[in-house]
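1. Below is the sequence, then the predicted model.
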Amino acid sequence: MNKKRLRISIIITSCCLVLMGSFFIIRELIDTKQVVDSTINDTTPPKEALPDWKIEYDRKARTEPVESVVTEHGEFYYAPFPKQFPREEVVRGDIGEEVTEDTKQLIIRGYYYEKK
């Protein structure tokens, strides 16, 4: 009878420790998320505080191609109708490929830029 009570008390104690540990871990995760959210909210200006021209400018900067891209190996200009180049002369900037002297075409965010 004594061993049975000891076993039950050990099981109950271990369950309590597991529950308390999980409670503190969840509480720490919630506190961390609140700190991150408050930091984001403090650094991001609200949309209504921005004038209309800034909102439009931001939208264009994110959705339209730039006029030219300058790299250490030359300047690449936007090409609305891109030419076909061999694979070794094309660099995909989105996936982090390196621009070299042999590069004739650069692809960034789906827009094609060619060296003139």
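-> Cool, the structure landed.

2. pull the helix or strand with minimum mean pLDDT from the chain.
-> Sorting the helices and strands of the chain by mean pLDDT, DSSP states H and E puts helix 52-63 at the bottom, at a mean of 79.

3. Check which helices and strands the helix or strand following it sits against.
-> For helix 52-63, the following helix or strand on the C-terminal side (DSSP states H and E) is strand 68-71. Packing partners of strand 68-71 (3 or more CB pairs under 8 Å, 6 or more residues apart in numbering; DSSP states H and E): strand 74-78, strand 105-108. Quick note: C-beta positions are derived from backbone N, CA and C, even for glycine.

4. quick check, distance from the least confident helix or strand of the chain to the centre of its chain.
-> Taking CA atoms, centre = their mean, to the nearest Å, the mean C-alpha location of helix 52-63 is offset from the chain mean by 20 Å.

5. Could you pick out the longest helix of this protein?
-> Using DSSP state H, we find that the single longest helix of the chain is helix 2-43.

6. before we move on, what SS does the residue minimising distance to the centre of the chain have?
-> Centroid-nearest residue in the chain: D94, 12.8 Å away (criterion: CA atoms, centre = their mean). Look at D94: counting by DSSP: H, G, I helix; E, B strand; the rest coil, its state is helix.

7. from memory it sits against L106, does it?
-> No: in this structure, D94 is not within contact of L106 by CB atoms under 8 Å, at 10.2 Å.

8. Report pLDDT for E48.
-> If you check E48, the pLDDT there is 69.

9. ditto for L17
-> L17 carries a pLDDT value of 93.

10. burial count for it?
-> Residues lying near L17 (other CB atoms under 10 Å) number 10.

11. do you know how far it is from I8?
-> 15 Å (CB to CB, to the nearest Å).

12. do the same with R109
-> Distance of R109 to I8, given as CB to CB: 64 Å.

13. And Q34, by the same measure?
-> 39 Å.

14. Ok, K115 next?
-> K115 sits 78 Å away from I8 when distances are taken as CB to CB.

15. More neighbours: these two, which one.
-> Between K115 and I8, counted using other CB under 10 Å, K115 has the larger neighbour count: 18 against 10.
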